[in-house]
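*Asks:* any chance you could fold what I've pasted below:
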Amino acid sequence: MSTFNHPTCYWHRVDDQHVQCDVCPRACKLKDGQRGLCFVRAAENGAIVLTTYGRSSGFCVDPIEKKPLNHFLPGTPILSFGTAGCNLSCKFCQNWDISKSREVDRLQDAATPDMIADAAARLGCRSVAFTYNDPVIFLEYAIDVARACHARDLRTVAVTAGYVSPGAREEFFAHMDAANVDLKGFTDDFYHKLCAGHLEPVLDTLKYLKRETNVWFELTTLLIPGQNDGAAEIDAMTRWVLDELGPDVPMHFTAFHPDWKMRDIPPTPPATLIRAREIALRNGIHHVYTGNVHDKSGQSTYCPSCGGLVIGRDWYQLSDWHLDPDGQCTHCGHAIAGVFDPQPGDWGPRRQPVRLSVGR
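*Replies:* Numbers count the residues shown, from 1 in each chain. Next up, the predicted model:
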């Protein structure tokens, strides 16, 4: 399969020379031959097309906890893939070689939606993740893959920054079963200076997910020393989450490592993650996790009613399991928020690269 330009519908004509992409709040206005900031949506013959439909930067079977999702089919394998480009410009991007790529030739794997769904089923995966770069920018491909997955009783997971316009947001999430949304910080200044974006559209996406959908979602914030790790900001963020999303939306605070355009910033100390977790718990968030560090206590799940351990984790390896088949704490009977099988999966920490390709 060769790269080809796929029609899209989220755009409108501005004038005789320009069309505007309406997938995300960036609203890129383009002439024929120009690409948006995301790189993969371009103007051609007076319309916006997706230039990377059917192409991927690679496939891998991961533990679902790596997305990270701790309350959605724990212990199960998930087939993960992304494409190229991104509609934000985060200076701290941890996947910059994919999300900042401007080389279509980096997209080595070519696969139809049916091929992806068939591979996931053949490999014993319960779900497929759109990840590594933001699936909002390859919305048409992601939706077609999701349809193929649902036809085979597979779930779909979006790992996204939530930077998407209302119309596209509604259609995109209508095809997703779960999501992990990056809430990158809690000030517009942070989003503007470090991501070339704005905070409000992300908050709107989170409120939409909570109020208008049945999508299971969790939040991740990469804590960067001196940038978004202050106690006051974490306090404000977690209070907003409690007020607007409720206590049962899991939050993940993860450690930054020097990368992309912020190599001069030191790694996040584990103590910063522990403090953030304590603030969130104190403010009433039921399930708060630490990530990118070894912290069995901070990565395990506890019952918010009795405090008992219900899911033990050591990195991506599950240990204790104290949920009954209905997802209730076996210590006290409290229903734990999430999507659980009667028994946990046993995939563990394995990572299995997969090659899918059809003739080009």
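
*Asks:* avg pLDDT for stretch 144-163?
*Replies:* Stretch 144-163 carries an average pLDDT of 98.

*Asks:* and for stretch 194-204?
*Replies:* 96.

*Asks:* run the chain-centre distance for it.
*Replies:* 15 Å (CA atoms, centre = their mean, to the nearest Å).

*Asks:* may I have the distance across that stretch, first residue to last?
*Replies:* 20 Å (CA to CA, to the nearest Å).

*Asks:* now do stretch 303-314
*Replies:* One end of stretch 303-314 to the other measures 18 Å (CA to CA).

*Asks:* now swap in stretch 255-264 and tell me
*Replies:* End to end - CA to CA - stretch 255-264 spans 15 Å.

*Asks:* residues in contact with that stretch?
*Replies:* 90-94, 96, 100, 222-225, 265-268, 270, 272-273, 290-293 (CB atoms under 8 Å, 6 or more residues apart in numbering). In this view, the C-beta of every residue, glycine as well, is placed from N, C-alpha and C.

*Asks:* restrict those residues to the buried ones and give me that as a ChimeraX selection.
*Replies:* Buried residues within the contacts of stretch 255-264, by 16 or more other CB atoms under 10 Å, are selected in ChimeraX with:
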select :90,91,92,93,96,100,222,223,224,265,268,272,273,290,291,292,293
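
*Asks:* and the contacts of stretch 255-264, which of them are in strands?
*Replies:* Mapping these onto strands (DSSP state E) picks out 222-223, 290-291.

*Asks:* isn't C38 right next to T83, touching?
*Replies:* No. C38 sits out of contact with T83 when judged by CB atoms under 8 Å, with a separation of 10.0 Å.

*Asks:* so who does V288 touch?
*Replies:* V288 touches 250-253, 276-277, 280-281, 298, counting by CB under 8 Å, 6+ apart.

*Asks:* just those residues now: which is nearest T112?
*Replies:* Closest to T112 out of the contacts of V288 is H252 (32.7 Å), distances taken as CB to CB.

*Asks:* would you mind giving the domain segments of the chain?
*Replies:* Here the domain parsing of the chain from automatic domain parsing is 4-52, 56-295+346-354.

*Asks:* winner for burial among the ones you listed?
*Replies:* Per residue and on average, the most neighbours among those fall to domain 56-295+346-354, with a mean of 20 (mean count of other CB atoms under 10 Å).

*Asks:* tell me the secondary structure for D248?
*Replies:* In three-state terms, and counting by DSSP: H, G, I helix; E, B strand; the rest coil, D248 is coil.

*Asks:* let me know the pLDDT of it.
*Replies:* 98.

*Asks:* tell me the SS of the nearest residue to it once chain neighbours are set aside?
*Replies:* Distances taken as CB to CB, 6 or more residues apart in numbering put A337 closest to D248, at 3.6 Å, once the chain neighbours are dropped. The three-state label given to A337 by three-state DSSP is coil.

*Asks:* I'd guessed A337 sits against C303; true?
*Replies:* No. Assessed by CB under 8 Å, A337 is found out of contact with C303, at 10.8 Å.

*Asks:* look at those two and report which has more neighbours.
*Replies:* Neighbour tally, A337 and C303, criterion other CB atoms under 10 Å: the higher count belongs to C303, 23 against 17.

*Asks:* common neighbours of C38 and T83, please.
*Replies:* I137.

*Asks:* next helix or strand past the lowest-mean-pLDDT helix or strand in the chain?
*Replies:* Least confident helix or strand, the chain: helix 96-99 with a mean of 50, by mean pLDDT, DSSP states H and E. Using DSSP states H and E, the next helix or strand after helix 96-99 towards the C-terminus is strand 109-110.

*Asks:* which strands and helices lie in contact with that following strand?
*Replies:* strand 55-56 (3 or more CB pairs under 8 Å, 6 or more residues apart in numbering; DSSP states H and E).

*Asks:* nearest residue to the most centrally placed residue in the chain in space, please, no chain neighbours.
*Replies:* In the chain, the centroid-proximal residue (CA atoms, centre = their mean) is V159; its distance is 1.5 Å. The shortest distance from V159 to any residue other than its chain neighbours is 3.8 Å, reached at T131 (CB to CB, 6+ apart).

*Asks:* which residues pair with the residue nearest to the centre of the chain across the strands?
*Replies:* N180 (DSSP bridges).

*Asks:* is it true that it touches N133?
*Replies:* No. At 9.1 Å, V159 does not count as touching N133 under the criterion of CB under 8 Å.
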